[in-house]
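[1] Fold the stuff below for me.
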Amino acid sequence: MRDPASKKDVALEDMASGCVGCVTRSLCLGEGLNQQQLKGLERIITIRGPYRTGQAIYRLEERFNSLFIIRAGTVKTESVSQEGNNLVDGFFFQGDVFGMEAIGSATYEHDAVALEETWVCELPFEQFESLCQFVPRLQHKIMLLFGQKMRHTNQSIVHGRCQSVEQRLMGFLRMLCQKSVLQDEKCRSSVQLVMTKGDIASYLGLRPESLSRALRKLQSRGIIRNHGKRVEVLNVSAVSSEVCK
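    Take a look at the predicted model:
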């Protein structure tokens, strides 16, 4: 059996590998590219990390130069309201691309902060644009990501106004399911939340006390079991069906 130090060495080796050998490839922009195309993508990418919990990958109003892909870990993006309160704009998981909101702008519009030990692939945007001319599939993928972001924004802002607090929370849990943070064959799973309950409340546009009440209601209905930093989902199917009502 490998000792813990050996496992850590293997993990570091995985983080240092290029696109061809990356375990995240099936989740990110490299999915579906041939070996030659992957090599082209690999030539412009720089692997950054590890970022520690709370460490910024970029800050609001820093010059926009790159997009980022999460190789391992979790990131939140946040801004500040006029009243000085932190507003969580998004959570990003393995394989996700972040920094896209700055395309067409000179600067980043949020802080991007690691929620746990995180590694990212930095993708210089000008070089990426040039590569897209030779690899149309990459351009297609970016367009799909923009479409997904627009649908998510529409769902959150327009439809979210008509949803109950419990539905918003279950929508968040469903998002975690879709990101494969929660899933198993028996539709019963649990997740160790790397984000705070305050961050979740901010992301959902709720007060912390409203989130706490919603957690209690879902637990009383037998849909979840709340263990503080760990939430056990007893019925993933119920979460999905409730959100779609």
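[2] avg pLDDT for stretch 70-85?
    For stretch 70-85, the mean per-residue pLDDT is 89.
[3] Can you list the buried residues in it?
    70-78 (16 or more other Cβ atoms under 10 Å). In short, each C-beta sits where N, CA and C put it, glycine included.
[4] As JSON lines, those residues with distance to Arg63 and secondary structure would be great.
    Formatted as JSON lines, the buried residues of stretch 70-85 follow (distance: Cβ to Cβ, whole Å; DSSP: H, G, I helix; E, B strand; the rest coil):
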{"residue": "Ile70", "distance to Arg63": "21", "secondary structure": "strand"}
{"residue": "Arg71", "distance to Arg63": "23", "secondary structure": "strand"}
{"residue": "Ala72", "distance to Arg63": "26", "secondary structure": "strand"}
{"residue": "Gly73", "distance to Arg63": "24", "secondary structure": "coil"}
{"residue": "Thr74", "distance to Arg63": "25", "secondary structure": "coil"}
{"residue": "Val75", "distance to Arg63": "19", "secondary structure": "strand"}
{"residue": "Lys76", "distance to Arg63": "21", "secondary structure": "strand"}
{"residue": "Thr77", "distance to Arg63": "17", "secondary structure": "strand"}
{"residue": "Glu78", "distance to Arg63": "19", "secondary structure": "strand"}
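[5] Surely Thr153 is in a helix?
    Yes. Counting by DSSP: H, G, I helix; E, B strand; the rest coil, Thr153 is located in a helix.
[6] pretty sure Gly49 is touching Phe68, no?
    No. Gly49 is beyond contact range of Phe68, at 10.5 Å (criterion: Cβ atoms under 8 Å).
[7] Identify the contacts common to the two.
    Listed as contacting both Gly49 and Phe68 by Cβ atoms under 8 Å, 6 or more residues apart in numbering are Val120.
[8] that older thread, and which of the buried residues of stretch 70-85 is nearest Arg151?
    Within those, the smallest distance to Arg151 is 17.9 Å, found for Thr77 (Cβ to Cβ).
[9] Would you agree the closest one is in contact with Val97?
    No. Using Cβ under 8 Å, Thr77 is not in contact with Val97; the gap is 11.8 Å.
[10] show me where this structure has strands.
    46-51, 56-58, 66-72, 75-80, 86-92, 97-98, 111-114, 118-124, 189-192, 224-226, 230-233 (DSSP state E).
[11] mean pLDDT lowest for which of these?
    Note on those: lowest mean pLDDT is at strand 189-192, with a mean of 74.
[12] Tell me how far that strand lies from the chain's centre.
    The chain centroid and the centroid of strand 189-192 are separated by 16 Å, computed with Cα atoms, centre = their mean, to the nearest Å.
[13] now do stretch 102-117
    Remark: stretch 102-117 is offset 12 Å from the chain centroid, using Cα atoms, centre = their mean.
[14] domains in the protein, as residue ranges please.
    According to automatic domain parsing, the chain comprises the domains 4-157, 163-243.
[15] lowest-confidence stretch among those?
    Comparing mean pLDDT across these, the lowest value falls on domain 163-243: a mean of 81.
[16] Taking the centroid of the chain, which residue is nearest it?
    Phe92 (1.3 Å; Cα atoms, centre = their mean).
[17] Can you name the residues that contact that one?
    70, 74-77, 98.
[18] For stretch 210-222, list every residue counted as buried.
    Applying 16+ other Cβ under 10 Å to stretch 210-222 flags 210-211, 214-215, 218 as buried.
[19] Of those, which is the nearest to Met195?
    Using Cβ to Cβ, the buried residues of stretch 210-222 come closest to Met195 at Leu211, 11.8 Å.
[20] is it true that that closest one touches Leu169?
    Yes. Counting by Cβ under 8 Å, Leu169 is a contact partner of Leu211 at 6.8 Å.
[21] Between these two, which contacts overlap?
    Leu204.
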